[in-house]
Structures are given as C-alpha cells and as structure tokens.
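Asks: task: produce atomic coordinates for the following.
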Amino acid sequence: MHRSVFLVLVSTIVSYCEGYSSTFDNYLYETVLNSTECDEQLHFLVNSTLKWRFIDASAKIPSGILSGNVNDLGDYYQCLDINQHIKNMDVQGKYCTVTVPLDQVIQLPEWPDVNWPNITLPEIPRPPLDNETMRDIESYYKLRKWAMMMASLDRQVDSVEDISTRVFPMMTTAQYGPTFAICIPKVCSTKQAMDFIQDRYPFFNIEYNESFCRLPNDKPFTPADKVAITVFSIIGFLIIISTAYDCYHVFILKTETNVLHRAFSVYTNTRRFLTFKTHPGALECVDGIRAISMAWVVIGHTYALTLLGFVHNLEETLGWLRKFSSTWVNSAPLTVDTFFLLSGLLGVYTTVGKISRDRFIRVIHLFYINRLLRMFPLLATMVLLQASLLNHVSDGPFWQNVALATENCRQYWWSALLHIQNYVNSNQICLTHTWYLSVDMQLYIVCPIILLMLFGDKKIAYIALAGILLLSLVSSTLISFLYNFSAALAHPDRISEFGNYAKYYYFNTLARAPPFFVGMIFGYLLHLWKDRNIRISKINVALLWSLSFAMMAFCIFSVYPVMQLEHDAQIFDNFLNAYMRTIWSSAVGWLIFACVNGYGGPINWFLSLHMWKLPARLSYAMYLVHFPIIMIANGSWVKTHYFTNGDNLYRFMADRLLVHIPRCICFVHRHRRSILYVAKTFIGRRRK
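Replies: Residues are numbered from 1 along each chain as shown. Next comes the predicted model:
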C-alpha cells in the first residue's frame, strides 16, 4: 500500500512541477528595482544615521588576509532585517555580494588637502599578498570549483540578470579574488549602488563582478511544496490511524490486526525494524563492514562539502590536504567500491543455490521488481523533499548551493528515479551522491545474465565470472590510459579535469564495474563452500591476511604521493585508476570470505558485534539523507568557516544523529514493560 502511494507521488510531481524549477522569486527581484527611488534613498542615507546599519551589515577588511582569507560576507540577517518607513520612503535592506578580481591595478587617489596643521595622513597600503599566497588563493578557488562540480552545482551562467542560477561564480584565472557583501536599499541594483559609492568615495574605485542579491521571503511557495505537504500529510494521517488501530487491537482487544491494517503502524513496523534474528548462513561480518563504510562515506562528504563555503584559514587548509594525516579522508572514495563489492556478492549469494535455473528464468522479472521497490520509496521521498521543503528549512549567504540542488531535483527528478542520471545529466544530478545508485542499478540489470551461468557446471561458472571481470578490467584500463586522469579525486592542480573525470570515469558504469564482478566471484565462492568446513593451513591464512592488509594499505596510502604538487607520474595514476578499486575490493572480499569460514578471528568478532546491526540496517537511509543534511548545515553558515579536524569530526557526529534516534526507540522498545509499569504506577497515584 505504501508503495502505491509513492507511485502516485511520482505522477503528481510530473503534472505539477514542470516549469517551477526556480527556487528564488525572480519576479520579486525585478519588480522592487526603481532607479528614481534608489537615488532618493541613497542621498537620504548619506545624511541619516540609518546608513550605519547598512554599513555595519556590509563587509569590512577581513581578518586573516595573510592566511588567505580575502572574503567577508557581512551580516546577512542584519541586512535583511532593515525595514523602516521614513519620509514617505520604505527603506529596506537587500543583501548582495560582489567579487573583486585580484589581478587589477588599484590606483589609490591622493589624500585631499586639509587645513589642519601638523597632521600627516598615512598612506593606505595594499594588502601584502605575496606570490605564494596568491597561488594558494588560486588553488582554493579551483578546489571550490571542484566541490561545486562534485555536488552537481557548477553551472554556466548565461546572464548576470539570471539571479536564480547565481552561485558564488566560478571565475577565470584572471578574476580570482575576494567576495564582499554589501547591504543596499532593495530598490537599488548592485551597479547603481556601487556607482553611487564610487562617485562619492574614490577609494572604492575598483573593478568588480556582480554575484547575487537576496531579499526577505524570496523563496516562493511552489507546486512542488504543495505536493510534498499533501503527500506527507496523507502518509502522516495513515500512520496515525494505522498505529492507533493496531495498538487498540494489541493492547485492548489482545488480538492482532491483518497485514493491511498495520501496514503504516509505527508500533508494528518499529518492532520488526528493531528485531534482529540470526539466520543460518547469514554473513554476520557484513553488518560491520557496511556500517563502518557508511561512516567513512559520511565523513568524507563532511570534509569535501566544507569547500562549498569560504574557508577562513585557506593556507592551512591547502597544507592539510597534502599532509599524510589527511590520507584517510582523501582515500574515502574507496568505500564506494566496498558497496559495489557487497552488491555483487549478495546478488549471487542470495540467489544461487536457493532457486533452480528454470525457476529463476520464470521469475526474473521479480528479481528486478524486488530491487526497484526496495530502493524506490525512500529514494522518491528524498527526491521530493529536496525538490520542495528542504529549500525552506533554513537560509543564509551560502544558501544558493542548496537552491541549486533543489533546482536539479525539480528538473531531473525523473532521471534519478529511473537510475540513468549518470549518463543523461551527469553535471546536474538530483541528489548528487545517488550517482552510485544509478551505476549499481545498471550493474544489477546485467547481473542475471551472469547468474544464469552460475547454475550447474562450475567450469562454466568460473569462465563466465572470469570473462566478465576481465572485460570490465579492459574497459576500465582503456578509459584510464586514454584519458590520463589524476588518481586523486581532489588534486588542486588538476581541477580543470574533474568535469571529464566525473563524466567519463567516476560516474561511468563501465569504469566502475570491476568491484561489482569481484563481489560476484566471492559470492559464488561463498555459495560453493557454504555449510562446508574449509581447511586452510595457518601459514596460508597468515599469508592471505598479510596480502589483504598490504593491498588495503596500498590503496589507501597511494593517494598521498598523488596529492603532492610535484607529482607527475601519469602512468602511476593510470594504473591506480584502472586497478586500485579491483585491488581494494579483492582484499575486502577475502576479509568476508575468511570471516564467514572461521578464519577471521578477532576481526570477525568485531565486525559481527550486535551494535553494527542497526547502523547497517539504516545504512541506505543514512546514505540518502546525510548529503542533504550536510548541504543544509553548510548553507546556513553566515561567516567564513575556520577549517579544523575537530570541527569536521564534530559535524560528522551531528550528521550521524539520525542513527542514534532509532537507537533511542530501540531502548524504549526493549524496556517497554518497565516504562509501562512506571507509567501505570504514576497514573494510579495521580488518580488517588
């Protein structure tokens, strides 16, 4: 029943959201402009104390210039709070930003003559930016461009007047420079206000580029928001009715309702969700691997998306990226290949041996439908939220990033649900991180072709698995050696390649396929040796574990030399791109195989702990939810951000909060009898 609701949701979005992709009210921006009123208000403010509120909310000379901080975002909320009616004028604040290219020659005017004796007016020095600092600033803007592309927010703005698509613009090399906020009357355009300021104060005669402006209540309520409220209201109503009906039967009538009546029951579904049973043949260690890998994904995105904002300690941040201590973050993309491995492994392990070949052929459509329906409800929910309500939960000078993510989903929601966005709109993906789901689904479509060959003769199975793995390695090798990409996801000096790197390699199913087929091989091996005692000598076990650790260490630490500025070994980069992910997935595959067959020791004990079961079960939800949460949190920043490891780890723990909420529910569930006893006792005393 709940799946049919989401199917209705999709069709409703089609009819209502077309033509409403803009997240900002462009009509509002245009209608408030009035050059005559602007001139009147600007001249009025010159002699009014109200001007100090505008000046106070605007940018000043930023601190930390020598560390690379050349941006000042003023006070966003203070500017938008200005609203006074004076002398038949409605003076309201408008928050705008401009970028000042650093390559310009600033001609400072001479000081005016004054009649005061014995006063020597000092010269105004130019900010002491040496070549190294300038190079760091250029590298940082390239990294911001990389972060924009990674988050599918890098768009070409055709016109300065296209306010809805203005994000802090990605400039050419000659235009790298600081971003400053100015608070101006809402009836003024940025140019008119800046021209007025420069005419009266020659010290501000500098070249600048308009960026964007914001007004209060400039995010219109669109049909997408109405659809979201309607759909979630219906679901909420069904949850309340179903839960009340279920609890009435369970606690009052002492009977159970049918499946349909408790489909939306919080009580029944929570019990099922928090009930963990060990089944024969279950791969217990996979829970730990999935939970740890998901945490690695979240922390990697926490660090990476920090670059969407303006970093205060730029020099320190760039130095940190090249340090050995940052390797564990720079190598976080390997976790994606862990999930590809698990997908291929479980696809084989849960199918082969549990159904005959003929039966599998007859129900192959169910193989696909089951997969789609398992992924669709939560994915559709997040797509709808991103296209609507998430745009209204907060605001700030960095909110353009969230707004563009919203526009991506309003325009390309269909490609996300059809799992084709890695090819159709790879630079404007709805929910950027869901490129993985598109690649994984495309590999899953191919999976049954190989599965059919795994029923029966082992030689045919081995040939099929080896053949498809070899074919995928050939495709990955050709792509790697033909395009000569960097093996590091965020190399500061090769940011210009990232667009093609993402399109032709990182989001390309042909290039990312090897770990999936390595997983199919290990899934088939686990099937063959299921319920059988495998005897491996201690020496061989030690050698295999040593080799596995060495392979993992190679994949993790090989990123360190690649991140160095002097690195130019392109053949090494090509080798890593072609084979690093296969090496990593092979090492993780052995880890699972050893743990399942009794050769995992303390590693198997740790990965099979009961504490991993809930995070593992929540991993798909956490995967979908964490990226929008990080975007919203970063979009709410009002100042430049000071980058530290401690702050990023703290924010990572906040992003993981959704995992702990169900744990609280689990505690309540496990101790429900004690809680009910205390509640009844308290109610009884109150009645007496």
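Asks: quick check: which ranges of the protein have low pLDDT?
Replies: 1-21, 102-137, 140, 154-176, 202-204, 655-688 (pLDDT under 70).
Asks: switch the cut-off to 50
Replies: Across the chain, the ranges flagged by pLDDT under 50 are 1-19, 111-127, 156-175, 659, 662-672, 674-679, 682-683, 685-688.
Asks: how does it divide into domains?
Replies: 1-22+219-275, 24-112+126-214, 336-601 (automatic domain parsing).
Asks: what's the most buried one of these?
Replies: Highest mean neighbour count among those (mean count of other C-beta atoms under 10 Å): domain 336-601, with a mean of 19. For glycine as for every other residue, the C-beta is placed from the backbone atoms N, C-alpha and C.
Asks: what strands flank the strand ranked longest in the chain, and is each parallel or antiparallel?
Replies: Longest strand in the chain by number of residues (criterion: DSSP state E): strand 89-99. Sheet pairing of strand 89-99 (DSSP bridges) gives strand 83-86 (antiparallel), strand 179-185 (antiparallel), strand 209-214 (antiparallel).
Asks: may I see the domains of the chain organised as JSON lines, with distance to Ala295 added?
Replies: Below are those laid out as JSON lines (distance: least, C-beta to C-beta, whole Å):
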{"stretch": "domain 1-22+219-275", "distance to Ala295": "20"}
{"stretch": "domain 24-112+126-214", "distance to Ala295": "19"}
{"stretch": "domain 336-601", "distance to Ala295": "12"}
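Asks: quick one, which of those domains gets closest to Gly646.
Replies: domain 24-112+126-214 (17.8 Å; C-beta to C-beta).
Asks: what is the end-to-end distance of the closest one?
Replies: Domain 24-112+126-214 has an end-to-end distance of 9 Å (criterion: C-alpha to C-alpha, to the nearest Å).
Asks: returning to that earlier point: figure out which of the strands paired with strand 89-99 is closest to Asp25.
Replies: Of all these, strand 209-214 comes closest under C-beta to C-beta, at 10.5 Å.
Asks: any idea which helix or strand comes after the closest one?
Replies: Note on strand 209-214: by DSSP states H and E, the next helix or strand toward the C-terminus is helix 223-247.
Asks: picking that back up, and the strands paired with strand 89-99: which comes nearest Asn26?
Replies: strand 209-214 (11.1 Å).
Asks: alpha carbons of the longest strand of the chain, as PDB, please.
Replies: The C-alpha trace of strand 89-99 is given here as PDB (Å, rounded to 0.1, in the frame of the first residue of the first chain):
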ATOM      1  CA  MET A  89      10.000  56.100   1.900                       C
ATOM      2  CA  ASP A  90      10.100  52.400   2.700                       C
ATOM      3  CA  VAL A  91      13.800  51.800   3.300                       C
ATOM      4  CA  GLN A  92      14.500  48.000   3.300                       C
ATOM      5  CA  GLY A  93      17.800  46.200   3.100                       C
ATOM      6  CA  LYS A  94      18.900  43.900   0.300                       C
ATOM      7  CA  TYR A  95      21.900  41.600   0.700                       C
ATOM      8  CA  CYS A  96      24.200  41.500  -2.300                       C
ATOM      9  CA  THR A  97      27.700  40.200  -3.000                       C
ATOM     10  CA  VAL A  98      30.400  41.300  -5.400                       C
ATOM     11  CA  THR A  99      33.800  39.700  -6.300                       C
END
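Asks: and it, how far from the chain's centre?
Replies: Relative to its parent chain, strand 89-99 has a centroid offset of 31 Å by C-alpha atoms, centre = their mean, to the nearest Å.
Asks: can you check stretch 491-504 too?
Replies: With C-alpha atoms, centre = their mean, you get 18 Å for stretch 491-504.
Asks: and the helices in the stretch 501-650 of the chain?
Replies: Here the stretch 501-650 of the chain has its helices, by DSSP state H, counting those that start in this stretch, at 509-512, 514-528, 538-557, 559-562, 570-596, 602-607, 613-617, 619-635, 645-655.
Asks: identify the residues contacting the last one?
Replies: Counting by C-beta atoms under 8 Å, 6 or more residues apart in numbering, helix 645-655 makes contact with Val298, Ile299, Thr302, Tyr303, Thr306, Trp320, His626, Ile629, Ile630, Ala633, all of which sit outside it.
Asks: rerun at 6 Å
Replies: With C-beta atoms under 6 Å, 6 or more residues apart in numbering as the test, helix 645-655 has contacts from Val298, Ile299, Thr302, Tyr303, His626, Ile629, Ile630.
Asks: which pair of the residues you listed spans the longest distance?
Replies: The most widely separated members of those, counting by C-beta to C-beta, are Tyr303 and Ile629 (14.8 Å).
Asks: secondary structure element holding the spatially closest residue to Arg512 that is not a sequence neighbour?
Replies: Of all residues beyond its chain neighbours, the one nearest Arg512 is Val439 (5.4 Å), with distances taken as C-beta to C-beta, 6 or more residues apart in numbering. Following DSSP H and E, one finds Val439 within helix 435-451.
Asks: downstream neighbour of that helix in the secondary structure list?
Replies: Remark: after helix 435-451, the chain's next helix or strand is helix 458-483, criterion DSSP H and E.
Asks: what's the angle between that following helix and helix 570-596?
Replies: Taking axes from the mean of the first three to the mean of the last three C-alpha atoms, to 10 degrees, one finds helix 458-483 and helix 570-596 inclined to each other by 150 degrees.
Asks: next, the angle helix 435-451 makes with helix 458-483.
Replies: Here helix 458-483 points in a direction 140 degrees away from that of helix 435-451 (the same axes, to 10 degrees).
Asks: helices or strands next to helix 458-483 in the packing?
Replies: Contacts defined by 3 or more C-beta pairs under 6 Å, 6 or more residues apart in numbering; DSSP states H and E place helix 458-483 against helix 509-512, helix 514-528, helix 570-596.
Asks: name the SS class of Val259, please.
Replies: coil (DSSP: H, G, I helix; E, B strand; the rest coil).
Asks: and what of the one 3 residues further on?
Replies: When classified by three-state DSSP, Arg262 comes out as coil.
Asks: rewinding a little: distance of the residue nearest to Arg512 relative to Ala403?
Replies: Relative to Ala403, Val439 is positioned 27 Å away (C-beta to C-beta, to the nearest Å).
Asks: also Trp414?
Replies: Distance from Trp414 to Ala403, by C-beta to C-beta: 20 Å.
Asks: same deal with Leu525?
Replies: Taken as C-beta to C-beta, the span from Leu525 to Ala403 is 48 Å.
Asks: try Arg410
Replies: Taken as C-beta to C-beta, the span from Arg410 to Ala403 is 10 Å.
Asks: cool, and Ala332?
Replies: From Ala332 over to Ala403 (counting by C-beta to C-beta), the distance is 27 Å.
Asks: before we move on, what about Leu260?
Replies: With C-beta to C-beta as the criterion, Leu260 and Ala403 are 41 Å apart.
Asks: check Tyr245 too.
Replies: Using C-beta to C-beta, Tyr245 is found at 41 Å from Ala403.
Asks: and if you look at Ser585?
Replies: 37 Å.
Asks: how far away from the center of its chain is stretch 424-443?
Replies: Counting by C-alpha atoms, centre = their mean, stretch 424-443 comes out at 12 Å from the chain centroid.
Asks: do stretch 458-475 as well
Replies: Using C-alpha atoms, centre = their mean, the offset of stretch 458-475 from its chain centre is 34 Å.
Asks: list the contacts of it.
Replies: Ile450, Met453, Leu454, Leu510, Ala513, Pro514, Phe517, Ile521.
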